[in-house]
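Chemist: Sequence first, predicted coordinates after that:
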Number of protein chains: 2
Amino acid sequence: MDFLKIAQARQSCRRYDAARPVEEETLAAILEAVRLAPSACNGQPYHLTVCRGEAAKAVAKATMGMGMNAFAKEAPVLIVLSEQPYNKTAALGAKVKGNDYRSIDIGIAAAYLTAEAAAQGLGTCILGWLDDKKIREICGLEHPVRLVVTLGYPADQPREKKRKTLSELVTYR
Amino acid sequence: MDFLKIAQARQSCRRYDAARPVEEETLAAILEAVRLAPSACNGQPYHLTVCRGEAAKAVAKATMGMGMNAFAKEAPVLIVLSEQPYNKTAALGAKVKGNDYRSIDIGIAAAYLTAEAAAQGLGTCILGWLDDKKIREICGLEHPVRLVVTLGYPADQPREKKRKTLSELVTYR
């Protein structure tokens, strides 16, 4: 098994192949990856709304405030990650420790989503700039929207990644 | 590339093979995976402290409050994920949108760490129950500790995963 190749292949995709839809079985694999993601106390405190067609266009528009994310309207699929209430154990831990486990869990879920998409040759971009109220209305969601992930076959070329060096990132004790 | 097999293989490992240390090259691959992880505005707002030997024992003890995580002291390596300041763009976005991108980024980093470990046949457990002050002292860290990940060869057997069903997790629009 090789995760480094997947990590290397995944990049924020901001140009999609409009002529190539996402197959049902590919989408199913991506959703299954999120389903398998770990979370604090196995709380799985998130819900996914898969938007296509008019719903996708409407959600895309709700990520485009102040001139941001114009590319989102070209993606054939948008997946909305919204919160679900904590389970009791995780909520108690978070309160005692002042740690936001739910946001961490939503990050893990987004990583699983985009990793499986990359493994399948699809492009994704994780968007945190969004109009929560508008997307909740479009999707009929009770709880806050945290991320929107655009999904489709990429028209982007692979780019070199810019990252901290290992010596900036890591200390040994 | 197959991420689903990695997602399926990764489970919270709470028993480690004490006789089998983690090889340098395996550890290097795991750290490289975290280095490649995406983050809001490419801020990479985290630092990793790799603890072995006495430092690992001391950090493990600082995750064991109220009888929790006793197994952590058996793991040959503990990796501390602590915060780094946001970059300016991410900080501004987070303020305008009231979204905690840094916790999401730390979740993504933990997902990359544990995915590469699973791909290499190692076990991990992500711990959020920890004594921030004590671990900062041990590791000489200026910024808050958010997660500790235990790492080693597993003595655990694979278990069946308990997760929401796809129909509980996903809605289509």
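Modeler: Perfect, I can see it now.
Chemist: OK, now which residue of chain A is nearest to chain B?
Modeler: A:Gly107 (2.3 Å; C-beta to the nearest C-beta). (Glycine included, C-beta is placed from N, CA and C.)
Chemist: Heading C-terminal from the lowest-mean-pLDDT helix or strand in chain A, find the next helix or strand.
Modeler: One helix or strand of chain A scores below all others by mean pLDDT, DSSP states H and E: helix A:88-97, with a mean of 87. Going down the chain from helix A:88-97, the next helix or strand is helix A:101-119, by DSSP states H and E.
Chemist: Quick one: work out the angle between that next one and helix B:101-119.
Modeler: 50 degrees (axes from the mean of the first three to the mean of the last three C-alpha atoms, to 10 degrees).
Chemist: pLDDT on helix A:101-119, on average?
Modeler: What helix A:101-119 shows for mean pLDDT is 97.
Chemist: what's the answer for stretch A:129-142, then?
Modeler: 98.
Chemist: What segments of chain A are helices?
Modeler: Secondary structure of chain A by DSSP state H: the helices cover A:3-9, A:24-36, A:53-61, A:88-97, A:101-119, A:132-139, A:166-169.
Chemist: would TSV of those helices with mean neighbour count be doable?
Modeler: Output for those, formatted as TSV (neighbours: other C-beta atoms under 10 Å in any protein chain shown):
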stretch	mean neighbour count
helix A:3-9	20
helix A:24-36	19
helix A:53-61	18
helix A:88-97	15
helix A:101-119	27
helix A:132-139	18
helix A:166-169	13
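Chemist: So which of those helices is nearest B:Leu31?
Modeler: helix A:166-169 (6.1 Å; C-beta to C-beta).
Chemist: before we move on, back to that, give the contact list for the residue of chain A closest to chain B.
Modeler: Going by C-beta atoms under 8 Å, 6 or more residues apart in numbering or on different chains, A:Gly107 touches B:Ser103, B:Ile104, B:Asp105, B:Ile106, B:Gly107, B:Ile108, B:Ala109, B:Ala110, B:Ala111.
Chemist: how does it look with 6 Å?
Modeler: B:Ile104, B:Gly107, B:Ile108 (C-beta atoms under 6 Å, 6 or more residues apart in numbering or on different chains).
Chemist: Excluding residues flanking it in the chain, which one is nearest the second one?
Modeler: Taking C-beta to C-beta, 6 or more residues apart in numbering or on different chains as the measure, B:Gly107 lies nearest to A:Gly107, with 2.3 Å between them; neighbours along the chain are not counted.
Chemist: Could you measure from the one you found over to B:Pro38?
Modeler: 10 Å (C-beta to C-beta, to the nearest Å).
Chemist: try A:Ala56
Modeler: With C-beta to C-beta as the criterion, A:Ala56 and B:Pro38 are 22 Å apart.
Chemist: Around A:Thr171, count how many other residues there are.
Modeler: 16 (other C-beta atoms under 10 Å in any protein chain shown).
Chemist: residues near the closest residue to A:Asp132 other than its chain neighbours, how many?
Modeler: Setting aside the residues directly before and after it, A:Asp132 is nearest to A:Val145 in space (C-beta to C-beta, 6+ apart), at 4.8 Å. By other C-beta under 10 Å, 26 other residues sit near A:Val145.
Chemist: Would you agree A:Val145 is in contact with A:Ile135?
Modeler: Yes - assessed by C-beta atoms under 6 Å, A:Val145 is found in contact with A:Ile135 at 4.6 Å.
Chemist: shared neighbours of those two, anything?
Modeler: With C-beta under 6 Å, 6+ apart, A:Val145 and A:Ile135 have common neighbours A:Val80.
Chemist: Can you tell me how far A:Ile106 is from A:Glu25?
Modeler: Counting by C-beta to C-beta - A:Ile106 and A:Glu25 are separated by 25 Å.
Chemist: Contact partners for A:Gly43?
Modeler: Contacts of A:Gly43 (C-beta under 6 Å, 6+ apart): A:Tyr86, A:Asn87, A:Ala90.
Chemist: With A:Leu141 instead?
Modeler: A:Ser82.
Chemist: Please report phi then psi for it.
Modeler: Note on A:Leu141: its backbone torsions stand at phi -100, psi 140 [degrees, to the nearest 10].
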